[in-house]
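J.: Can you look at this prediction? I've put the sequence above it.
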Amino acid sequence: MSIETRALNDLAAMRRAGAAAAATLSHVGNLLRPGMSTAAIDALVREDTRRRGGHPSQLGFQGFPAAVCTSRNDVVCHGIPSAHEWLEEGDILNVDVTTCLHGFHGDTSRTFFIGRPGPDARHVVETAERCLIAGIQAIRPGSQLGDIGWAIQRTAMAAGCSVVRDYCGHGIGRRMHQSPDVPHTGRPGTGLVLRPGMAFTVEPMVNLGGAQTRVGRDGWRVVTADGSLSAQFEHTVIVTPDGFEILTPAPGQEGATGPGAFPSFGRENDPHIP
Ligand code: MG
């Protein structure tokens, strides 16, 4: 398995692709409302991605029929937007945007509250976001993929939630999915050793119930086996000489380099609908 590292000129291009994906995600997140169809989200993502000079990476990827994944409530990931699926008050919805800009990909997702969340929805969504932060904070040269997985797993376990094992983060660059796989569980001090220039996603999927999943009848949509709520957050990151850089910061949250620095990365500037 060969793992690419990124040269400086590639890094600038990866930053631009990541910023475009993050801007589209933020734009769409601000427009989510009860009564909206998930197909309308797909239309917004196509339009906004193209307006920024990019192309939705997911469209046609391995036959995926839409420009974005919309995964609601017990859907873990890979939900296909539909004109027959409407957002309802109290739902949670993950929107996963990947933009290809000038040959490089940026991949980011958030789980949004639709209207006012119930306590279970709030718990699983906040836990998933804490898991993403914990996983990213484990990134620095010399640390290992198992350290990232463990940081995520222990954060979820402490909150009484489980981490999906069937789907991973992934290397990213000129291709949307490349080596290495980035598991969201693991043992500290195991797995690939991180080196500066490695770019990959961290995208933990956290379930309120058990970790088991199954694939729906459309062949794409992944749901929790026990019907419990599932939430996910994702950033594209790159290993830097002294830690990490988030390549998909939400607009206004740029400059999150690590370890330990998340300026206003949290509840205050959250795009969740109040
Ligand atoms: Mg991804």
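T.: Structure received.
J.: Is Gly189 in contact with Gly142, as I believe?
T.: No. Counting by Cβ atoms under 8 Å, Gly189 stays clear of Gly142, with 10.9 Å between them. All C-beta spots, glycine's among them, are computed from the backbone N, C-alpha and C.
J.: Within range of the ion, give me the residues from the stretch 51-200 of the chain.
T.: When proximity is defined by Cβ under 5 Å from the ion, the stretch 51-200 of the chain lies next to the ion at Asp107.
J.: So, low pLDDT: which residues of the stretch 51-200 of the chain?
T.: Applying pLDDT under 70 to the stretch 51-200 of the chain flags no residue at all.
J.: For it, which segments are assigned as strands?
T.: Assigned by DSSP state E, counting those that start in this stretch, the strands in the stretch 51-200 of the chain fall at 55-56, 69-72, 75-77, 92-101, 104-113, 162-163, 169-171, 178-182, 199-202.
J.: Make TSV from those strands and add mean neighbour count to it.
T.: Converted to TSV, the strands of the stretch 51-200 of the chain look like this (neighbours: other Cβ atoms under 10 Å):
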stretch	mean neighbour count
strand 55-56	20
strand 69-72	25
strand 75-77	24
strand 92-101	27
strand 104-113	26
strand 162-163	23
strand 169-171	21
strand 178-182	18
strand 199-202	26
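J.: tell me what the top helix by length along the chain is packed against?
T.: Counting residues, the longest helix found in the chain (DSSP state H) is helix 8-29. Judged by 3 or more Cβ pairs under 8 Å, 6 or more residues apart in numbering; DSSP states H and E, helix 8-29 is in contact with helix 38-51, strand 92-101, strand 104-113, strand 235-240.
J.: By proximity to the ion, which residue of the stretch 51-200 of the chain wins?
T.: Asp107 (4.2 Å; Cβ to the ion).
J.: Wait, that residue touches Ile172, no?
T.: Yes. Assessed by Cβ under 8 Å, Asp107 is found in contact with Ile172 at 5.8 Å.
J.: anything in contact with each of those two?
T.: Shared contacts of Asp107 and Ile172 (Cβ atoms under 8 Å, 6 or more residues apart in numbering): Thr201, Thr236.
J.: The closest residue to Arg33 other than its chain neighbours - how many residues pack around it?
T.: Leaving out its chain neighbours, the residue that sits closest to Arg33 by Cβ to Cβ, 6 or more residues apart in numbering is Leu87, at 6.8 Å. Taking other Cβ atoms under 10 Å as the criterion, the count of residues near Leu87 is 23.
J.: So Leu87 sits against Thr38, correct?
T.: Yes. Counting by Cβ under 8 Å, Thr38 is a contact partner of Leu87 at 7.3 Å.
J.: Cheers, nothing more for now.
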